[in-house]
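K.L.:
Task: produce atomic coordinates for the following.
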Amino acid sequence: MKPFFIKSSYFMQISIIALAYYVAGKLSFSISNENHIVTIVIFASEGISLAMTLIYGKRIWLAVFIGQFLLAYSSTSLSTTIGIATINSLEVILAHELFYYFKLNRKLSTLKDVLGLIALITFILQPFSSIFGNMILFFTSVITMDELFNSLFSWWFGNTMGQILVTPMILLMYTHFKLEELTELISVILFFIVISYFFQVTIAIHNLSLLLSITLPLILYLSSHRGLHYATLATTIIASTSVYFTHLGIGSFVQGDFINNIINLNFYFLSQTLLVLIVGTLFSEKREYANQLEKLVEKEVEKNREKELLMMQQSRLAQMGQVLNMIAHQWRQPLNNLLLTIEVFLHKYRKKELNNELVEQFEKDSYLQIKQMSGTVDDFRDFFQPRREKSIFLVNDIIEHLLLIMQPIFSASNITLYFNEENEVYSKGYPNELAQALINILYNSKDALLEHNNHERVVTIELEEREEHAFLTIQDNAGGIPIEIIDKIFDPYFSTKLKEEGTGLGLYMSKIIIENHMGGEILVHNHQNGAIFTIILPLSKEG
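P.N.:
The predicted structure follows:
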């Protein structure tokens with residue numbers, strides 16, 4: 001929560017911080033029966049000065065000096081007042097230097113920052129302030145030797161409590177609070193005022209453990225759901241209302257003598273504040289870690305998606321060459337027929353034997369061959385046209401159509417294709433993508449068969465239903481896949497071919513299509529004579 005004077009002049013900042021220091025000090029001393037320099041109660045002024053120093057820098061030492069001077073001037077001598085104000089001013093300068101020397105972050109986003117701030121307050125800042133401040137009080141005769149120990153403890157304890165309670169709350173509100181949360185913030189303040197009044201005044205619970213067991217879970221719940229800045233605010237509200245109730249002589253901390261009441265009060269705040277800061281910071285770290293992990297996962301997913309798209313593009317370029325090869329094989333016969341028709345026509349023309357009947361026959365034969373070639377292009381275009389939406393399709397038709405267009409290539413390599421089907425099998429997905437996956441597998445079998453120089457080259461495709469799945473197997477007799485690489489054949493860019501002969505993406509893309517796009521599974525294993533690829537697809541009702 002950024003104070004309204006963040007952009008104000010230096011003089012305005014100093015004036016407002018000095019006033020806040022003075023008012024907070026007056027409120028702290030108002031419930032104390034000691035002098036107006038040392039108190040065992042929460043000395044909130046110290047928490048304000050430390051927070052302002054970490055936010056605005058060492059330059060606000062003047063505000064601390066003025067605030068402490070005004071606070072002590074009415075109750076002690078001028079020399080004592082100046083000495084105490086000087087010590088408190090030096091304390092905030094020391095705090096600023098050490099805080100950033102130890103590389104702590106004022107956002108208190110990690111446990112290191114919180115524990116570092118608490119240790120700095122407890123073991124350096126307040127021992128420094130307490131020792132040198134009480135030396136001034138002793139040498140100016142404000143306290144006696146008999147009072148020195150109690151004064152040292154009271155100064156250290158009250159100031160430590162003030163900084164541990166107030167400083168984290170101000171720092172966290174400064175860095176996390178947004179103006180649009182104002183209504184929610186007021187609701188939290190009112191809720192914990194009511195809670196404090198009910199349990200400390202109405203019911204008047206005097207057992208500290210019981211009181212902690214009621215308020216602490218509420219604050220930790222607030223920390224886990226709304227953030228540590230709300231939790232520290234709630235802790236400060238409970239502390240402020242408890243101090244006020246004690247000042248009025250009502251509530252949970254008015255039994256026994258005054259000193260014991262104040263010690264119990266401070267112990268209640270201290271234990272609650274430390275637990276909230278430590279546990280709340282762990283909550284925050286966990287949330288931050290989860291957010292970072294989520295962002296990292298999203299980033300990696302995006303990178304993998306881009307990588308997959310690139311691989312898909314490379315695979316499609318490679319497959320385009322395969323398609324062109326299939327078209328060439330499909331065109332070879334009609335092209336030969338067309339060439340023969342033209343040669344016959346030219347031969348008749350040269351011999352001047354052309355007549356209307358021959359011209360008509362030439363036109364008819366040429367048209368049939370060209371129509372067949374055009375139909376081949378249309379078949380390939382329709383068959384490999386990508387579809388954006390899933391559809392229910394007959395798997396048998398996909399395989400039969402695929403074999404029809406691939407038969408010439410396999411026949412040219414003396415490879416026989418068999419298709420065994422038990423009945424009609426329907427599935428839901430992208431039929432053209434399934435065809436592309438099958439082409440990759442069939443080409444893989446063709447290349448393996450050509451490498452092994454088998455006398456009888458056979459690829460057998462079988463399709464059957466098993467329970468709720470369609471099982472599609474492609475089996476060859478090429479000798480099988482070497483055991484040392486069978487687990488790698490679906491990896492991207494893995495290929496047993498030379499670089500100029502293969503991209504290593506065909507089987508990888510088949511796996512992506514079957515598993516990611518079709519919701520199926522693809523497996524491979526060796527049998528006695530070769531390899532068997534098994535594609536498992538979910539069954540669907542007839543469309």
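K.L.:
Quickly note the distance from Lys107 to Leu523.
P.N.:
Distance from Lys107 to Leu523, counting by CB to CB, to the nearest Å: 52 Å. Just so you know, the C-beta spots here come from the backbone N, C-alpha and C atoms, and that holds for glycine as well.
K.L.:
Can you give me the pLDDT of the spatially most central residue of the chain?
P.N.:
Residue closest to the average C-alpha location in the chain (CA atoms, centre = their mean): Glu294, at 1.4 Å. Per-residue pLDDT puts Glu294 at 85.
K.L.:
in which helix or strand would I find it?
P.N.:
Using DSSP states H and E, Glu294 sits in helix 258-350.
K.L.:
who's in contact with Phe471?
P.N.:
Each residue near Phe471 by CB atoms under 8 Å, 6 or more residues apart in numbering is listed here: 462-465, 534-536.
K.L.:
Among these, which one sits closest to Ser252?
P.N.:
Using CB to CB, Ile536 is the member of these that sits closest to Ser252, with 68.6 Å.
K.L.:
Ignoring the adjacent residues along the chain, who's closest to the closest one?
P.N.:
The shortest distance from Ile536 to any non-neighbouring residue, by CB to CB, 6 or more residues apart in numbering, is to Glu521 (4.5 Å).
K.L.:
That neighbour contacts Ile513, doesn't it?
P.N.:
No: the pair Glu521 / Ile513 is not scored as a contact, 11.8 Å apart, by CB atoms under 8 Å.
K.L.:
who's more crowded, the two?
P.N.:
Neighbours of Glu521 and Ile513, each counted by other CB atoms under 10 Å, are more numerous for Ile513; the result is 25 against 14.
K.L.:
Over to the more buried one: give its phi and psi.
P.N.:
Main-chain torsions, Ile513, degrees, to the nearest 10: phi -60, psi -50.
K.L.:
Show me which residues of the host helix or strand of Val194 are buried.
P.N.:
Assigned by DSSP H and E, Val194 belongs to helix 182-197. Judged by neighbour count (16 or more other CB atoms under 10 Å), helix 182-197 contains these buried residues: 185, 188-189, 192, 195-196.
K.L.:
tell me which strands and helices it is in contact with?
P.N.:
helix 208-226, helix 228-248 (3 or more CB pairs under 8 Å, 6 or more residues apart in numbering; DSSP states H and E).
K.L.:
what's the closest of the ones you listed to Arg305?
P.N.:
Closest among the helices and strands packed on helix 182-197, once you apply CB to CB, is helix 208-226, at 33.1 Å.
K.L.:
Who are the contact partners of Leu463?
P.N.:
Counting by CB under 8 Å, 6+ apart, Leu463 touches 395-396, 399, 419-422, 425, 470-472.
K.L.:
sorry, back to before: now tell me what touches the helix holding Val194 from outside.
P.N.:
For helix 182-197, the surrounding residues in contact (CB under 8 Å, 6+ apart) are 177, 215, 218, 222, 226, 230, 233-234, 237-238, 241-242, 245.
K.L.:
Please pick the buried ones from those.
P.N.:
So, of those, 177, 215, 222, 226, 230, 233-234, 237-238, 241-242, 245 end up buried under the neighbour-count rule (16+ other CB under 10 Å).
K.L.:
Return the distance of the longest strand along the chain from the chain's centre.
P.N.:
Longest strand in the chain, counting residues (DSSP state E): strand 457-466. Remark: strand 457-466 is offset 45 Å from the chain centroid, using CA atoms, centre = their mean, to the nearest Å.
K.L.:
okay, that strand in PDB with CA atoms only?
P.N.:
Below are the C-alpha coordinates for strand 457-466, written out as PDB (Å, rounded to 0.1, in the frame of the first residue of the first chain):
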ATOM      1  CA  ARG A 457       8.200 -59.700 -49.900                       C
ATOM      2  CA  VAL A 458       4.900 -59.600 -48.000                       C
ATOM      3  CA  VAL A 459       3.100 -57.000 -46.000                       C
ATOM      4  CA  THR A 460      -0.100 -58.100 -44.200                       C
ATOM      5  CA  ILE A 461      -2.700 -55.700 -42.700                       C
ATOM      6  CA  GLU A 462      -5.300 -57.200 -40.300                       C
ATOM      7  CA  LEU A 463      -8.200 -55.400 -38.800                       C
ATOM      8  CA  GLU A 464     -10.400 -56.800 -35.900                       C
ATOM      9  CA  GLU A 465     -12.500 -55.800 -33.000                       C
ATOM     10  CA  ARG A 466     -11.500 -56.700 -29.400                       C
END
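K.L.:
Looking at that strand now, give me its mean pLDDT.
P.N.:
Computed over strand 457-466, the average pLDDT equals 90.
K.L.:
cool, stretch 516-527 as well?
P.N.:
89.
K.L.:
Who are the contact partners of Leu220?
P.N.:
Leu220 neighbours (CB under 8 Å, 6+ apart): 231, 275-276, 279-280, 283.
K.L.:
Give me the pLDDT for it.
P.N.:
So Leu220 comes in at 91 (pLDDT).
K.L.:
likewise the one 5 residues further on?
P.N.:
Note for His225: predicted pLDDT of 86.
K.L.:
Quick one: residues contacting it.
P.N.:
If you count contacts by CB under 8 Å, 6+ apart, His225 has none.
K.L.:
do you know how far it is from Thr215?
P.N.:
According to CB to CB, His225 and Thr215 sit 16 Å apart.
K.L.:
Quick one: low-confidence residue ranges for the stretch 301-450 of the chain.
P.N.:
Residues of the stretch 301-450 of the chain meeting the criterion pLDDT under 70: 306-330, 332-334, 372, 375-388.
K.L.:
now do 50
P.N.:
Along the stretch 301-450 of the chain, segments meeting pLDDT under 50 are nowhere present.
K.L.:
ok, how many other residues are close to Ile250?
P.N.:
14.
K.L.:
OK, contacts around it?
P.N.:
Val201.
K.L.:
For it, grab phi and psi.
P.N.:
According to degrees, to the nearest 10, Ile250 has phi -130, psi 170.
K.L.:
just to revisit the earlier point, tabulate the contacts of Leu220 in JSON lines, adding columns for pLDDT.
P.N.:
Listed next are those as JSON lines, based on pLDDT from 0 to 100:
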{"residue": "Ala231", "pLDDT": "93"}
{"residue": "Leu275", "pLDDT": "91"}
{"residue": "Val276", "pLDDT": "92"}
{"residue": "Val279", "pLDDT": "90"}
{"residue": "Gly280", "pLDDT": "88"}
{"residue": "Phe283", "pLDDT": "83"}
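K.L.:
Filter those residues down to the buried ones and express that as a ChimeraX selection.
P.N.:
To isolate the buried subset of the contacts of Leu220 in ChimeraX, counting by 16+ other CB under 10 Å, use the following:
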select :231,276,279,280,283
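K.L.:
Identify the farthest-apart pair in the contacts of Leu220.
P.N.:
Leu275 and Phe283 (11.8 Å).
K.L.:
how far does whichever strand or helix holds Ile55 sit from the chain's center?
P.N.:
Per DSSP H and E: Ile55 is located in helix 44-56. In terms of CA atoms, centre = their mean, the centre of helix 44-56 is found 34 Å from the chain centre.
K.L.:
helix/strand/coil for Leu108?
P.N.:
Per DSSP: H, G, I helix; E, B strand; the rest coil, the secondary structure class of Leu108 is coil.
K.L.:
what's the spacing between the closest residue to it other than its chain neighbours and Leu104?
P.N.:
Of all residues not flanking Leu108 in the chain, Val114 sits nearest, at 5.4 Å (CB to CB, 6+ apart). Val114 sits 9 Å away from Leu104, going by CB to CB.
K.L.:
Show me which of the two is the more surrounded one.
P.N.:
The residue with more neighbours, out of Val114 and Leu104, is Val114; 23 against 20, by other CB under 10 Å.
K.L.:
In terms of helices and strands, where is the more buried one?
P.N.:
Using DSSP H and E, Val114 falls within helix 111-120.
K.L.:
Then Ile536?
P.N.:
Ile536 is part of strand 531-538, with elements assigned from DSSP H and E.
K.L.:
Point out the other helices and strands that that strand packs with.
P.N.:
For strand 531-538, the packing partners by 3+ CB pairs under 8 Å, 6+ apart come out as strand 426-429, helix 431-452, strand 469-476, strand 521-526.
K.L.:
picking up where we left off before, residues in contact with the helix holding Val114?
P.N.:
95, 98-99, 102, 104-108, 164, 167-168, 274, 277-278, 281-282, 285.
K.L.:
Thank you, goodbye.
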